[in-house]
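>>> Turn this into a structure:
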Amino acid sequence: MLNVNSEINKLEAVILHEPGEEINNLTPDYLGELLFDDIPWLPLAKEEHKKFAQVFLDNGIKVYYLVDLVKETLEINNEIKEKFIKDFIMDAGIYSQTLSEIVFDYLNSFSNLKEMILKCISGIKKMDLNEYRKRTLTDYVSDSPFITYPIPNLYFTRDPFVVISSGVAINSMHSVTRKRETIFGHYIFLYHPKFKDAVKYYSRNNLFSIEGGDILVLNKETLIVGVSERTSPQGIELLTKNIFNNGTDLKRVLAFSIPKKRTFMHLDTIFTQVDYDKFTIHKGCYNDLVVYELTKDLNRPGKLNVKLLDDKLENILKHYMGVKVKLIPCGGDDKINSDREQWSDGSNALCISPGVVIVYERNEITNKVLEENGIKVIKIPSSELSRGRGGPRCMSMPIYRKD
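Modelled structure (predicted):
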């Protein structure tokens with residue numbers, strides 16, 4: 001069921017999550033904590049996401065919805081369902097035994113399993129619980145309307161877990177609010193009949209953060225991982241060792257160190273592959289990009305060799321790909337256009353087959369430059385989706401590409 005050895009080969013299957021009530025539970029007081037800069041208007045965001053999903057269906061790509069996969073997983077038996085609820089309560093930071101029992105009973109009482117999962121995602125409000133009373137000092141001090149906070153970033157399914165070759169990394173997210181997203185992938189790849197046998201390259205409980213937006217599969221032998229605001233060098237080293245220890249064809253990991261700030265939160269916000277020999281690039285980061293190669297140390301089992309690659313990005317890519325590479329600038333050559341369209345995910349293209357990409361229609365200059373370079377662009381509306389600071393690649397988790 002899992003096969004991703006490229007960023008560009010024909011996409012066959014993908015996991016999506018359509019934004020829901022978790023977006024309506026965003027308020028100005030919690031935007032920063034929940035990693036949003038603005039509040040999307042849900043009806044239009046859902047409409048835009050449906051058009052995004054339709055592009056996959058129109059191109060013969062199987063769409064799995066995250067919530068449906070979790071539902072199928074929890075339906076296996078009641079023991080798995082109850083374990084999920086207990087783990088969710090723990091992830092939500094509910095430490096009061098009384099409140100934990102109340103929340104467990106509340107979630108376990110749902111007759112419709114899908115509605116229960118959607119409630120976990122949208123957030124449980126104090127007003128949802130008939131038995132809620134202020135009992136602890138925390139209850140009295142907190143003025144939050146929530147028992148468990150919403151999980152509004154979940155429609156960016158790229159980040160909580162990522163398929164590499166025929167295995168999966170269940171990621172350890174950088175921020176507290178996004179750590180809760182990984183429970184869904186954890187249960188799918190632990191118990192779902194279609195996915196439970198996949199090799200696991202990383203655990204959500206690992207100490208060092210790593211996120212899917214920083215991981216690009218260049219080819220069967222080379223993986224690229226960004227050292228970013230949200231992915232640590234220690235996490236990359238641990239992922240690399242785990243991959244090498246699990247018998248894949250991967251021979252090296254290229255660590256791309258990028259500026260550590262929210263504007264460039266993941267590598268794929270400044271750099272994505274769009275064809276056999278073409279990549280998008282945000283020129284504002286080009287001179288700051290530093291690349292390291294991680295390989296097995298043949299003289300010290302379990303250790304890595306790390307080497308600085310002191311060359312231009314184009315030459316580095318050519319060396320590992322065997323073809324001359326062209327970098328297509330996000331927003332063209334004008335700095336203002338480049339900065340603006342990078343902010344609205346002009347570089348975050350999703351390749352569904354070589355030279356065919358899904359993009360946000362709002363990035364007009366970048367899209368024109370892509371077309372001028374022979375790339376077919378499929379444009380989707382993004383007035384509301386883009387407010388979450390993620391593009392088509394962020395919103396999709398490929399699980400199968402043809403080799």
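>>> most centrally placed residue in the protein?
By Cα atoms, centre = their mean, the mean C-alpha position of the chain lies nearest to residue 159, the distance being 1.8 Å.
>>> Next one: it relative to residue 139, how far apart?
32 Å (Cβ to Cβ, to the nearest Å). All C-beta spots, glycine's among them, are computed from the backbone N, C-alpha and C.
>>> before we move on, back to that, quick one: contacts for the residue nearest to the centre of the chain?
Contacts here follow Cβ atoms under 8 Å, 6 or more residues apart in numbering; on that basis residue 159 touches 153, 171, 173, 178, 181, 211-213, 266, 394.
>>> Quick check: phi and psi at it.
Per-residue torsions, residue 159: phi -90, psi -40 (degrees, to the nearest 10).
>>> separation between it and residue 265?
Between residue 159 and residue 265 the computed distance is 10 Å (Cβ to Cβ).
>>> Identify the contacts common to those two.
residue 213.
>>> what's the first-to-last distance across stretch 329-337?
10 Å (Cα to Cα, to the nearest Å).
>>> make that stretch 347-360, sorry
10 Å.
>>> Tell me which other helices or strands the one helix or strand residue 295 maps to touches.
Following DSSP states H and E, one finds residue 295 within strand 290-296. Packing partners of strand 290-296 (3 or more Cβ pairs under 8 Å, 6 or more residues apart in numbering; DSSP states H and E): helix 233-244, strand 252-257, strand 304-308.
>>> That strand - what's its average pLDDT?
What strand 290-296 shows for mean pLDDT is 96.
>>> That strand versus helix 233-244: what angle between them?
Angle, strand 290-296 to helix 233-244, by axes from the mean of the first three to the mean of the last three Cα atoms, to 10 degrees: 40 degrees.
>>> Neighbouring strands of strand 290-296 in the sheet, and parallel or not?
strand 252-257 (antiparallel), strand 304-308 (antiparallel) (DSSP bridges).
>>> Using CSV, list the CA coordinates for it.
In CSV, the C-alpha atoms belonging to strand 290-296 read as follows (Å, rounded to 0.1, in the frame of the first residue of the first chain):
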residue,chain,number,x,y,z
VAL,A,290,23.7,25.1,3.3
VAL,A,291,23.7,21.4,2.4
TYR,A,292,25.2,18.4,4.2
GLU,A,293,25.5,14.8,3.2
LEU,A,294,24.8,12.0,5.7
THR,A,295,26.0,8.5,4.8
LYS,A,296,26.8,5.3,6.7
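>>> quick one: contacts for residue 345?
Contacts of residue 345 by Cβ under 8 Å, 6+ apart are 269, 360, 363, 382, 386, 389-392, 394.
>>> quick one: what helix or strand has it in it?
Applying DSSP H and E, one finds residue 345 in no helix or strand.
>>> Among the contacts of residue 345, which one lies nearest to residue 353?
The closest of the contacts of residue 345 to residue 353 turns out to be residue 392 (Cβ to Cβ; 14.0 Å).
>>> what's the neighbour count on the closest one?
25 (other Cβ atoms under 10 Å).
>>> State the distance from residue 399 to residue 7.
Taken as Cβ to Cβ, the span from residue 399 to residue 7 is 14 Å.
>>> Ignore what I typed, I meant residue 244.
Distance from residue 244 to residue 7, by Cβ to Cβ: 21 Å.
>>> out of these two, which sits in the busier spot?
When neighbours are counted by other Cβ under 10 Å, residue 7 comes out ahead of the other of residue 244 and residue 7, with 24 against 19.
>>> residues in contact with the more buried one?
Residue 7 neighbours (Cβ under 8 Å, 6+ apart): 216-218, 272-273, 351.
>>> Over to residue 273?
Counting by Cβ under 8 Å, 6+ apart, residue 273 touches 7-8, 216, 218, 279, 351.
>>> Following the chain past the worst-scoring helix or strand of the chain on mean pLDDT, name the next helix or strand.
Least confident helix or strand, the chain: helix 137-141 with a mean of 73, by mean pLDDT, DSSP states H and E. Note on helix 137-141: by DSSP H and E, the next helix or strand toward the C-terminus is strand 146-148.
>>> and the helix or strand just after that following strand, what does it pack onto?
Using DSSP H and E, the helix or strand that directly follows strand 146-148 along the chain is strand 161-164. When contacts are defined as 3+ Cβ pairs under 8 Å, 6+ apart, strand 161-164 packs onto strand 167-170, helix 182-191, strand 215-219, strand 397-401.
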